[in-house]
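One predicted model, sequence on top.
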Amino acid sequence: QVQLGESGGGLVQIGDSLRLSCAASGRTNSVLTMAWFRQAPGKEREFVAAISGSFGSTYYGNSVKGRFSISRDNAGNTVYLQMSSLKPEDTAVYYCAARNSGGAFHRGGSYAYWGQGTQVTVSS
């Protein structure tokens, strides 16, 4: 089992930056990919970013490309999501996810482990 805990959410203004963190514990040596998803009220869950493999290859959803950056610490147990140029449409609960198998990065169903989520609100 892998446990995930997100932190760093909050209320920010348009154009601000914010960094989310996700700390993994448990059987982390089995984790191949860690990712961020988000879900706004009344909307479907959306893929944000993923980081995978020993080389740390990164993947992004179209709506955040060029504004968000995913990274991880050397041990690979903490993943970060650096968000910049935030917009009101970025308002959502952001979830960290992890998996120890393959599949399309944007498919939430391929991730076995999920955090509780952290709220990000971008105010105009």
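That came in fine, so what should we check first?

which other residues reach stretch 6-19?
20-23, 80-88, 94-96, 115-124 (C-beta atoms under 8 Å, 6 or more residues apart in numbering). To be clear about C-beta, it is placed using only N, CA and C from the backbone, and glycine gets the same treatment.

Just list whatever residues bridge to the residue positioned nearest the centre of the chain.
Centroid check for the chain by C-alpha atoms, centre = their mean gives residue 36 as the closest residue, at 1.9 Å. Residue 36 forms beta bridges with residue 49, residue 96, as assigned by DSSP bridges.

what sits against it?
20, 22, 48-50, 70, 79, 81, 94-97.

got it, and residue 38?
45-46, 48, 90, 92-95, 120 are the contacts of residue 38 under C-beta under 8 Å, 6+ apart.

can you tell me how far the spatially closest residue to it that is not a sequence neighbour sits from residue 75?
Using C-beta to C-beta, 6 or more residues apart in numbering and skipping residues adjacent in sequence, the residue nearest residue 38 is residue 92, 3.8 Å away. The spacing between residue 92 and residue 75, counted by C-beta to C-beta, to the nearest Å, is 28 Å.

for residue 111, same thing?
From residue 111 to residue 75 the distance is 20 Å (C-beta to C-beta).

Neighbour count for these two, which is higher?
residue 111 (22 against 8; other C-beta atoms under 10 Å).

Can you report phi and psi for that one?
The phi/psi pair for residue 111 (degrees, to the nearest 10) reads phi -100, psi 130.

what residues are up against the residue nearest to it when sequence neighbours are not counted?
Closest residue in space to residue 111, ignoring its immediate chain neighbours: residue 97 at 3.8 Å, by C-beta to C-beta, 6+ apart. Counting by C-beta under 8 Å, 6+ apart, residue 97 touches 4, 34-37, 108, 111, 113-115.
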